[in-house]
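In: Quick one: sequence plus predicted model below, questions after.
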Amino acid sequence: MTALVDSLLILVLLLNFFSLGTTRVKALINGSAAQGVVIGFVALFSQGELTVETAVVAVSAVTLKGIVIPRLLLRALRDVRIRQNIEPFIDYVPSLLMGAVGSGLAILFANTLPLAPEHEGALLVPTSLSTVLTGFLLLTTRRKAISQVIGYLVLENGVFILGLTLVGAMPFLVELGVLLDLLVGIFVMGIMVNHIGREFSSLDTSRLAQLKEE
Amino acid sequence: MALALVLVPWCFAAVIFAIRGQRARPYLVAAGTLVQAILVLIALFLPEVTAIEGWLRLDALGRLVLGTTTVLLLATAVYLPAYLEQHPTKSNRGFCTCMMAFAGVVGLMTQAYHLGLLWVGLEASTLAVAPLIYFHRTPRSLEAVWKYLLIGSVGIALALFGSFLLGYAVLHGGGHPSLLLPDLVASAPRMSRPWLHAALLVLLVGYGTKMGLAPMHTWKPDAYGEAPGVAGALLAGAVTNCAFLAVLRVHRVAVAAGEADFARRPLLALGLLSMLVAGIFTVRQKDYKRLLAYSSVEHMGILAIGIGIGGGAVFGALLHMVNNALAKGTLFLTAGNLHRAFGSKSTDQVRGAIRRVPASAALLLAGFFAITGSPPFGPFLSELTIVGAAIDRGHILVAGTFLALLAAVFVGMGATMLAVVQGNADGTDSTPPVREPVALVAPAACLLCLVLLLGLHVPEPLAALLREAAAELDAP
């Protein structure tokens, strides 16, 4: 089981790199969708024994992160009809490099952390750190409002992975509440993306610079 | 009872969302908030309010925040119908629904005894308030709401990360991870220290972002500046208090773990930094709504400092939380009136408001004196308590800086406020006074009266509640 979970987590790490390297917004959305699906499976297999509750959480995670949210974002993207390029503040190769160095450091750092015996040598904690880092990178270095939303989504994925180390800490209902909040949050952000697109004829957030101290 | 405090407002919100009557909605919000206020009043008198196996429990701290917020919600709900009448062409469906839903979220937040549930509540409050900021549908408000959403969401995601780290601290300490508050307090002494320390810092940054502590305050001037007065009052008086409540819940775990000293240092640092930032940016601030935002940053800093000092200052900080929420209600509601009367929020255009909107301008000025800690208003008493405790506990330097920064903010805010209220409108301003509907002035006046009363006398039931809540947050 651990081998399976670890290979899934490696997939999550690869998808982090994909998100940092891709030049198209659509591909970025699809990449985050794939990551959501993989994480749903990690949730299913990482808990040791399979219970109804983990299954429901995993299925909801896959449905929301893999299908519903990407569809919402793709629709927002179609409605605003913008150019497909991501146009980052920091170019793709440097951000990939930063992601790679960050992930390497996360793995090294996680090895020095005092982990519980069942997590030693496993990839759960380092993947979580690396994914959170990738989310931050996407949030801060991408210009378009929609790529920032995906940055938030990836960040949330990283937090979700860390949550998987805590079997039973998050009761089932709370877990679903977290997912629901995520969905509503992305929904509201999607609406705002739409308004930004209409108001400014672009999703470039560097145009959102009217409010500042004079 | 515990569930009713959450579900009743949500039922009202659903009805408000479903009906078509544009005119009826604000009155339904007022009615729903009144019903909620009655429920809260009953709950405050019940010895124990709990539900779902202790996930929801109304303790002293929760009662304090819930009671304060409900007073503020009631004032804004009375204000709302008259306010929306001024904007008859805009659809108020989203605005009214979100305001009503927010009342339920506050019920959830203040009773949440599980860190995950607390997180869900705070995230929901972030989302419920976002449409309120965007009410005017201008590019500026769009920018404000985007920053608010993005920074707030990242902060809150970090808070979830921190909650999991806290759970991991229990796991690594050999316990069964549970994020129920009593379990956390019980297992706190055995928690793994490195994980606990990491969790405390991440949680402070996460929930501190929602509070608007510097340097995570950058969304605040924009959001408060562009939001309508009603939304500003809710943001500055209710959302920030809910975030502060979350910080306090975490602090309680830190105290139980014997890590009070570790937890206090970053609180002190962020608190002083917040006051410093407010001190710098209130000087020569021309936009009076942004000015209020920096005042909010300052007061969140004061709250953090109060907890950071510990001892008697915790009592002072909790009292200050109540004072600040009520005073901010007065300030934002009256600032909204001025904004409408003048069509501007810059001192370049807004001068001599006392001649055009006498009641609102007078209340704004009184609110300014209240919030900056002038006697006999409540904040004077609570700030004095914090300074006294700081000196008592040997934080002489902190006390000195605290007083100097209070003075700096007073001067900076005073210059702008006096220009707005009295200022010379170059002698040619012959605009007759604008009619001020009672409903747009009375709520602010009532809140100000409460702040004044709290400065003269803290009623015994409130004092008992404050003592009980403070006792849990203070290491022996």
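Out: The structure has been received and is ready for your questions. Numbers count the residues shown, from 1 in each chain, chains lettered A, B, ... in the order given.
In: Grab the nearest non-local neighbour of the residue nearest the centre of chain A.
Out: Against the mean C-alpha coordinate of chain A, by Cα atoms, centre = their mean, the closest residue is residue A:154 at 1.3 Å. The shortest distance from residue A:154 to any non-neighbouring residue, by Cβ to Cβ, 6 or more residues apart in numbering or on different chains, is to residue A:135 (3.9 Å). In this view, the C-beta of every residue, glycine as well, is placed from N, C-alpha and C.
In: Which helix or which strand is home to the one you found?
Out: Following DSSP states H and E, one finds residue A:135 within helix A:124-141.
In: and that helix, what other elements does it pack with?
Out: helix A:2-21, helix A:92-112, helix A:145-163, helix B:139-172 (3 or more Cβ pairs under 8 Å, 6 or more residues apart in numbering or on different chains; DSSP states H and E).
In: Make CSV from those and add mean pLDDT and distance to residue B:22 to it.
Out: Shown next, in CSV, are those (pLDDT from 0 to 100; distance: least, Cβ to Cβ, whole Å):
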stretch, mean pLDDT, distance to residue B:22
helix A:2-21, 89, 44
helix A:92-112, 86, 48
helix A:145-163, 90, 31
helix B:139-172, 91, 21
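In: Need those helices in a markdown table (columns: distance to residue B:126).
Out: Listed next are the helices and strands packed on helix A:124-141 as a markdown table, based on distance: least, Cβ to Cβ, whole Å:
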| stretch | distance to residue B:126 |
| --- | --- |
| helix A:2-21 | 25 |
| helix A:92-112 | 27 |
| helix A:145-163 | 12 |
| helix B:139-172 | 5 |
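In: can you tell which of those helices is closest to residue B:440?
Out: Distance to residue B:440, taken as Cβ to Cβ, is lowest for helix B:139-172 among those, at 20.9 Å.
In: I'd like the next helix or strand past the closest one.
Out: That would be, after helix B:139-172 and using DSSP H and E, helix B:181-187.
In: Put the alpha carbons of that next one into CSV.
Out: Listed next in CSV are the C-alpha coordinates belonging to helix B:181-187 (Å, rounded to 0.1, in the frame of the first residue of the first chain):
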residue,chain,number,x,y,z
LEU,B,181,-10.5,22.0,21.8
PRO,B,182,-10.8,20.1,25.1
ASP,B,183,-8.8,17.2,23.7
LEU,B,184,-6.1,19.6,22.5
VAL,B,185,-6.0,21.3,25.9
ALA,B,186,-5.8,17.9,27.6
SER,B,187,-3.0,16.6,25.4
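In: what's next to that helix, contact-wise?
Out: B:54, B:113-115, B:166, B:170, B:173, B:175, B:178, B:249, B:252-253, B:256 (Cβ atoms under 8 Å, 6 or more residues apart in numbering or on different chains).
In: repeat for stretch B:204-212
Out: Against stretch B:204-212 from outside (Cβ under 8 Å, 6+ apart): B:122, B:126, B:151-152, B:154-162, B:216, B:219-220, B:239-240, B:242-244, B:246-247, B:250, B:263, B:266-267, B:270, B:274, B:296-297, B:300, B:303-304.
In: surely residue B:188 meets residue B:253?
Out: Yes - contact criterion Cβ atoms under 8 Å: residue B:188 and residue B:253 qualify, at 5.5 Å.
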